[in-house]
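In: here are the coordinates; sequence isn't available:
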């Protein structure tokens, strides 16, 4: 099995997305387009390694444009033959926890596409790590079909109820279309470990 290490000279982004084949086709269309956009911008992709749903569409979009796609796949998913067979590189890991860690540490930003509990858990972990000053890179949500509106409202409510600081709303950027992602990455507000000073209210 090839190593999934991204070369130091290459920029890559982590993309959280879903494997559902039953969701609205707009989600898979947006994932495919995001893969194309990231490849055109010279950004490699580190993602969960799946072959179907938004995962497969993302990888296929990037690979079709000559992009570099690294998959991080838990062994039990490989045993179930859930992995994409055409990736640039694929690494098998022991569990979901190791997968999440490698996806973040081997990339320069985190991008979330719509998805279910797994995608949301990954996104909220990245946001939590950023709040604690442990993750300092951009986080971008691609709000296809307004999917993230309820989550964004809930996070805003958490600020209103003083569970989060209003400055925490700068931890992520929201875009409507995949084409907006490179600009959002380039203009993301700076974040530093000093965020720990207001992590707890």
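Out: Yep, it's here. All of these numbers come straight from a predicted model, not from anything done at the bench.
In: out of everything not next to it in sequence, what's closest to residue 65?
Out: Nearest residue to residue 65, sequence neighbours excluded (C-beta to C-beta, 6 or more residues apart in numbering): residue 39, at 3.8 Å. The C-beta positions use only the backbone N, C-alpha and C, and glycine is treated the same way.
In: in the one helix or strand that neighbour maps to, what's buried?
Out: Residue 39 is part of helix 25-40, with elements assigned from DSSP states H and E. For helix 25-40, a neighbour-count test (16 or more other C-beta atoms under 10 Å) marks 27-28, 30-39 as buried.
In: After it, which helix or strand is next?
Out: strand 44-47.
In: what's the model's confidence in the next helix or strand after that following strand, averaged?
Out: Heading C-terminal from strand 44-47, the first helix or strand you meet, by DSSP H and E, is helix 53-64. For helix 53-64, the mean per-residue pLDDT is 98.
In: Run a quick check on the residue nearest to residue 65 versus residue 66, I expect a contact.
Out: Yes. With contacts counted by C-beta atoms under 8 Å, residue 39 reaches residue 66, the gap being 6.2 Å.
In: For the helix or strand of the chain with the lowest mean pLDDT, which helices and strands make contact with it?
Out: Lowest mean confidence among the helices and strands of the chain (mean pLDDT, DSSP states H and E): helix 75-79, at a mean of 88. In terms of contacts (3 or more C-beta pairs under 8 Å, 6 or more residues apart in numbering; DSSP states H and E), helix 75-79 is packed against strand 89-93.
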